[in-house]
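**Q** sequence first, then the predicted structure, then my questions.
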Amino acid sequence: MDELRPPGVEPADALERLRPLLALPLELVLVGHGDPVTEGAREALRAALEA
């Protein structure tokens, strides 16, 4: 993941920048790899951010 982060942005900061997405009415999550999340998208994103 280091190569995807902008220079100077720490992993914890990157995760915090994604947290506002949890306030959105998420129906699905499309990722750059793996299967799309088509059910429980908000819960899946919350779990990923807390992992």
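**A** Sure thing, it's come through. Note that the coordinates shown come from a computational prediction; the quantities given were computed from them, not determined experimentally.
**Q** any figure for the gap between Leu26 and Asp35?
**A** Shown here: Leu26 relative to Asp35, a distance of 16 Å by CB to CB, to the nearest Å. C-betas here are computed from N, CA, C, even on glycine.
**Q** neighbour count: these two, which is higher?
**A** Between Leu26 and Asp35, counted using other CB atoms under 10 Å, the more crowded position is Leu26 (16 against 8).
**Q** that one contacts Leu45, doesn't it?
**A** Yes: counting by CB atoms under 8 Å, Leu45 is a contact partner of Leu26 at 6.5 Å.
**Q** give me the low-pLDDT residue ranges for this protein?
**A** Residue ranges of the chain with pLDDT under 70: 1-2.
**Q** can you map out the helices along the chain?
**A** Along the chain, counting by DSSP state H, helices occupy 11-18, 41-50.
**Q** for the first one, C-alpha coordinates in PDB please.
**A** In PDB, the C-alpha atoms belonging to helix 11-18 read as follows (Å, rounded to 0.1, in the frame of the first residue of the first chain):
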ATOM      1  CA  PRO A  11      -1.100   5.000   6.900                       C
ATOM      2  CA  ALA A  12      -3.200   6.200   9.800                       C
ATOM      3  CA  ASP A  13      -3.800   9.500   8.100                       C
ATOM      4  CA  ALA A  14      -4.900   7.800   4.900                       C
ATOM      5  CA  LEU A  15      -7.400   5.600   6.800                       C
ATOM      6  CA  GLU A  16      -8.800   8.700   8.600                       C
ATOM      7  CA  ARG A  17      -9.300  10.400   5.200                       C
ATOM      8  CA  LEU A  18     -11.500   7.500   4.100                       C
END
